[in-house]
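# quick one, fold the following:
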Amino acid sequence: MLDRHLIRSQPERVREGAKRKGIEIPLDEFLAVDAEWRNVRTKLNELEAQQNKISKSIGALIAQGKREEAEAAKRQAAQLKEEIATLSAKEKELEERLSRLELEFPNLPHESVPPGESAEDNIEVFSWGEKKSFSFPPRIHWDLGEELGLIDFARGSKISGSGFIVYKGLGAKLQRALINFMLDLHTQNHKYTEVYTPFLVTRETMTGTGQLPKFEEDLYLIERDDLFLIPTAEVPVTNLHRDEILEPEMLPIYYVAYSACFRREAGAAGKETRGLLRVHEFDKVELVKFCKPETSYDELETLRKDAEAVLQALGLHYRVMLLCAGELSFANAKCYDLEVWSPGLQSYLEVSSASNFESFQARRANIRYRPSKGAKPEFVHTLNASGVALPRLTAALLETYQNEDNSITVPQALRPYLGVEKITCS
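The predicted structure is shown next:
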């Protein structure tokens, strides 16, 4: 959520920022309602001051024996009370309209975000490793996974529908191994505190991180309880400190969390959906930071490197893309995508997005801190990154470490977790 003062004082900046993201906003309507709200608030202040003045005078008039004047003052106070009640109801109505409208305003792109409308306009800022070369035509992960008995796509569809996956044998153990490896890496090497949060959250929680009201069609809703399955652990973890005022010595706060993630992918028609590329339920390790505003862009760079460390430890070639304005999400101000190379598909696959939301989520969730003892609370900055998401990571890992006999060499970092050096047909 944007600062209302920013919308009022710099409307063209807000309009241009939203335009850079390709998002239409109800700016004119907001400004009109806001002007009316401020006018009503001014009148209310005047009437309340007048009412207080008259109420104080009544006792004095009675003490002076001026009963007729006192009665007139009472009648005037009663009339003012009715006017105040009417205006208060109007103010509440306008405030509710403003609250609904401001939820439609996206976060503004940071000044360092390049212009652009699509992925073709993203900028590569870093790459690590080399694309692996093979002495044989590399196979695609869905063929490898099924032949090795790691993944059962057909039974996943049978029990839950398309977009759901069954892992079995070493395929299931590989998921657990990757999760434990990443949690250990981030808690031991990067000093994150591990948390395990619910997979079901309230509307208020979804609104706090920006998923609602705009993206409800992409979410799984349990209507009976009005609870949502989380699309990412970012949602519950960021809301851990909702409606709190943090002391300055608590910042920065680093959390890491494993969760299952659930996404309808309502807008995914026409996109590649085969194999592990686009599924409705998947596992992910998430990194979330809370920090002071003046350090948030330094924190973004270290956050990105923390996610990169996973890919480097696994020996996977990847690149880092700085997203253009048109590719940014509704809520973030700046974002890097980590894209791992898939030899079988001969393409890059996004496995992590590292984002700075500045104070956008904190305003929605009312997460503040005191810059110093006794100081007025200010909003923190929030950041998050996948550290990382498993389906495409699994795809890239199987394809990168495949051998000509269709076995998979297990990366050194995973061997203590998986318990084998090579995956072969069972």
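# where does Leu398 fall, secondary structure wise?
Applying DSSP states H and E as the criterion places Leu398 in helix 390-400.
# now find how far off-centre that helix is within its chain.
Using Cα atoms, centre = their mean, to the nearest Å, the mean C-alpha position of helix 390-400 is found 24 Å from that of the whole chain.
# ditto for stretch 287-296
14 Å.
# who's in contact with that stretch?
By Cβ atoms under 8 Å, 6 or more residues apart in numbering, the residues outside stretch 287-296 that reach it are 186, 192, 233-234, 237-238, 241, 246, 248, 251-257, 299, 303, 306-307, 356, 358-359, 367, 369, 371, 378-387. Every C-beta, even on glycine, is put in place using the N, C-alpha and C of the backbone.
# pLDDT on that stretch, on average?
Here stretch 287-296 scores 98 as its mean pLDDT.
# again, but for stretch 388-407
97.
# distance between the ends of that stretch?
24 Å (Cα to Cα, to the nearest Å).
# before we move on, back to that, now list the buried members of the contacts of stretch 287-296.
Buried subset of the contacts of stretch 287-296 (neighbour count, 16 or more other Cβ atoms under 10 Å): 186, 192, 233-234, 237-238, 241, 246, 251-257, 299, 303, 306-307, 356, 358-359, 367, 369, 379-387.
# can you tell me which of those are in helices?
234, 237-238, 299, 303, 306-307 (DSSP state H).
# quick check: phi and psi on Leu212?
Main-chain dihedrals, Leu212, degrees, to the nearest 10: phi -110, psi 150.
# I'd say it and Arg203 touch.
Yes - contact criterion Cβ atoms under 8 Å: Leu212 and Arg203 qualify, at 6.0 Å.
# out of those two, which sits in the more crowded spot?
Leu212 (19 against 15; other Cβ atoms under 10 Å).
# so how far is Lys81 from the more buried one?
38 Å (Cβ to Cβ, to the nearest Å).
# now the chain, which segments are flagged as low pLDDT?
266-273, 426 (pLDDT under 70).
# in the helix or strand harbouring Val351, which residues are buried?
Element membership for Val351, per DSSP H and E: strand 347-356. Buried residues in strand 347-356, counted by 16+ other Cβ under 10 Å: 348-356.
# can you add distance to Lys90 and give these back as a markdown table?
Shown next, in a markdown table, are the buried residues of strand 347-356 (distance: Cβ to Cβ, whole Å):
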| residue | distance to Lys90 |
| --- | --- |
| Tyr348 | 55 |
| Leu349 | 53 |
| Glu350 | 48 |
| Val351 | 51 |
| Ser352 | 48 |
| Ser353 | 43 |
| Ala354 | 45 |
| Ser355 | 39 |
| Asn356 | 39 |
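# now, among these, which is nearest to Asp405?
Using Cβ to Cβ, Leu349 comes nearest to Asp405 of the buried residues of strand 347-356, at 24.7 Å.
# in contact with the residue nearest to Thr409 when sequence neighbours are not counted, which residues?
Nearest non-adjacent residue to Thr409, counting by Cβ to Cβ, 6 or more residues apart in numbering: Tyr401, 4.6 Å away. By Cβ under 8 Å, 6+ apart, Tyr401 lies in contact with 408-411.
# one more pass at 10 Å, please.
132, 144, 314-316, 343, 407-411, 414, 422-423 (Cβ atoms under 10 Å, 6 or more residues apart in numbering).
# ditto for Leu183
192, 194, 196, 256-258, 285, 387.
# which stretches of the chain form helices?
Under DSSP H, the chain gives helices at 4-9, 11-20, 27-63, 67-102, 141-147, 153-160, 170-184, 203-209, 234-238, 296-313, 360-365, 390-400, 415-418.
# quick one, which of those is nearest to Pro115?
helix 11-20 (6.7 Å).
# give me the buried positions along that closest one.
Using 16+ other Cβ under 10 Å as the test for burial, helix 11-20 gives 14-15, 17-18, 20.
# before we move on, what about stretch 165-182?
Residues 165-167, 170-171, 173-175, 177-182 are the ones in stretch 165-182 that count as buried (16+ other Cβ under 10 Å).
# how about stretch 40-55?
Residues of stretch 40-55 classed as buried: 40, 44, 47, 51, 54 (neighbour count, 16+ other Cβ under 10 Å).
# so how far is it from its chain's centroid?
The answer for stretch 40-55 is 42 Å, by Cα atoms, centre = their mean.
# and the contacts of it?
61, 72-81, 83-84, 86-95.
# give me the number of residues near Asp218?
15.
# that one against Cys261, yeah?
No - using Cβ atoms under 10 Å, Asp218 is not in contact with Cys261; the gap is 11.7 Å.
# mutual contacts of those two, please.
With Cβ under 10 Å, 6+ apart as the test, Asp218 and Cys261 both reach Pro231.
# give the contact list for Thr202.
208, 212, 225-228, 236, 239.
# want to throw these into TSV with distance to Ala396?
Conversion of the contacts of Thr202 to TSV gives the following (distance: Cβ to Cβ, whole Å):
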residue	distance to Ala396
Gly208	33
Leu212	32
Asp225	37
Asp226	38
Leu227	34
Phe228	30
Pro236	28
Asn239	31
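# taking those residues together, which two end up most distant?
Gly208 and Asp225 (18.3 Å).
# between those two, who's got more neighbours?
Applying other Cβ under 10 Å to Gly208 and Asp225 shows that Gly208 carries more neighbours, namely 26 against 9.
# specify the beta-bridge partners of the closest residue to Arg304 other than its chain neighbours.
Excluding the flanking residues, the one nearest Arg304 by Cβ to Cβ, 6+ apart is Ala354, at 4.2 Å. Following DSSP bridges, Ala354 is listed with bridge partners Tyr336, Ala385.
# what separates Ala354 from Phe290, distance-wise?
The value you get for Ala354 to Phe290, if Cβ to Cβ is used, is 15 Å.
# thanks a lot, catch you later.
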